[in-house]
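In: could you work out the structure for the sequence below:
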Amino acid sequence: MGKGGCKSATAVGAVVAPAKENTDGSEISVLEEERQQKMEAEPKFYWAHDEEPHRRRKQEILQKHPDLKKYMGADTSTKFKVIFWVAFQLLSLHLLQGAPWYTWVFCCYTLSGSINHMMTLGMHELSHNLGAKGVMPNRFLAILANLPMGIPAAASFKRYHMEHHKFQGEDAMDVDIPTDIEGWFFTSTPRKILWCFLQPLFYSLRPLAVNPKEPTRWEFINIFCTVVFDLAIVHVWGIGGLLYLVFGTLLGMGLHPVAGHFIAEHYVMNEGQETYSYYGPLNWLTFNVGYHNEHHDFANISGKHLPMVRKVAREYYDDMPHYHSWIKVIWDYIVDDNISPYSRIKRVTMKNKEIEDLRARGGLIK
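Out: This is a model prediction of the structure:
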């Protein structure tokens with residue numbers, strides 16, 4: 001793995017040029033050449049030269065602990081959690097009618113922000129088809145979880161998140177990684193505070209710049225359901241009711257304790273380590289998304305059972321650097337000059353032609 005200092009790749013001229021060679025005289029492959037060009041273009045990221053670590057570790061763990069297979073599959077209690085918290089969010093909205101503005105603001109950040117962020121992680125669980133048996137029920141449950149957020153996201157999130165798992169760290173594919181512009185601009189403490197506040201904006205717009213996709217019927221179904229729900233909220237509770245939900249989403253995904261998982265999951269705090277777990281109390285509100293190494297190793301095991309993965313395979317997880325506080329993760333990110341949006345691991349394992357072909361097919365899933 002390297003950060004910066006990558007050697008320049010020779011430019012390809014308009015005429016046929018001799019095959020490029022490594023220092024040992026062997027011919028440079030197309031993939032190697034494209035990797036060199038991408039590393040030279042964005043040298044401040046961490047660059048890995050091997051595949052993501054989770055697939056290999058999963059195979060090793062299953063060889064030693066085949067009994068983990070019994071935890072694979074959906075957790076049918078997820079649908080009840082989603083229904084409960086959607087209903088609770090609407091109840092809180094109703095009870096806040098006529099409340100002073102400062103009570104409204106406080107509850108918007110603490111209550112609405114926490115619940116709506118919880119629902120984004122419900123969408124995450126459902127994107128892996130872990131909330132019910134069958135793909136279709138999980139899609140509709142994800143849209144239900146999306147409704148109190150006020151902004152359609154579930155259908156597109158599923159498409160991009162599956163690629164995040166399949167192509168973790170892959171340049172031009174994994175939209176979880178900040179852009180070069182983000183790394184260049186958000187360097188100082190004040191700017192990193194602003195970056196934390198603007199995370200919902202970057203998570204929404206970054207995919208359109210890095211890996212755009214044509215919308216499918218599920219995006220249109222998602223938009224239709226969200227618009228109808230939003231209109232119903234405005235009809236019953238007025239525009240203030242809709243703002244309570246939308247601002248709750250934006251605040252909950254911004255500079256908020258629960259949003260610490262955005263940074264904690266994959267930002268390089270310990271050089272050489274790509275994914276980090278969190279073993280703190282906020283897992284109770286987040287479908288155990290903090291068990292992130294366990295999740296990436298076993299994406300087909302529901303959040304409910306991820307603690308069992310750690311318990312069974314302790315020799316893999318206990319000695320791996322991890323967190324106990326998402327608030328401290330946010331603090332460290334903001335004040336440490338050595339950590340920035342550039343603190344992510346990137347890799348090039350796909351040729352540009354392979355990426356173009358995958359995009360032409362609409363991505364990994366539609």
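In: and the closest residue to Thr76 other than its chain neighbours, helix, strand or coil?
Out: For Thr76, ignoring the flanking residues on the chain, the nearest one in space by CB to CB, 6 or more residues apart in numbering is Ala132 at 6.3 Å. Heads up, the C-betas are built off the backbone N, CA and C, glycines and all. Secondary structure, DSSP: H, G, I helix; E, B strand; the rest coil: Ala132 is coil.
In: roughly how far is the helix or strand encompassing Ile263 from the heart of the chain?
Out: Assigned by DSSP states H and E, Ile263 falls within helix 260-264. Its chain's average C-alpha position is 9 Å from that of helix 260-264, according to CA atoms, centre = their mean, to the nearest Å.
In: give the buried residues for the helix or strand following it.
Out: Downstream of helix 260-264, the first helix or strand assigned by DSSP H and E is helix 292-297. Across helix 292-297, burial judged by 16 or more other CB atoms under 10 Å covers His292, Asn293, Glu294, His295, His296, Asp297.
In: hmm, back to that, from Lys79, how far out is the residue nearest to Thr76?
Out: Here the criterion is CB to CB, to the nearest Å. By it, Ala132 lies 6 Å from Lys79.
In: list the residues that contact both of those two?
Out: Listed as contacting both Ala132 and Lys79 by CB atoms under 8 Å, 6 or more residues apart in numbering are Leu141.
In: so what's Tyr333 up against?
Out: Residues in contact with Tyr333, defined by CB under 8 Å, 6+ apart, are Lys192, Cys196, Ile263, Tyr267, Ile339.
In: mind listing the helices for the stretch 51-200 of the chain?
Out: Using DSSP state H, counting those that start in this stretch, the helices of the stretch 51-200 of the chain run over residues 54-64, 78-95, 101-107, 113-127, 135-146, 154-166, 180-185, 189-197, 199-210.
In: I'd guess Asp230 is in a helix, am I close?
Out: Yes. Residue assignment for Asp230, taken from three-state DSSP, places it within a helix.
In: what is the neighbour count of it?
Out: The tally of other residues near Asp230 (other CB atoms under 10 Å) stands at 18.
In: picking up where we left off before, wait, which of the helices of the stretch 51-200 of the chain is closest to Glu219?
Out: Distance to Glu219, taken as CB to CB, is lowest for helix 154-166 among the helices of the stretch 51-200 of the chain, at 4.6 Å.
In: what about that closest one, average pLDDT?
Out: Across helix 154-166, pLDDT averages out at 97.
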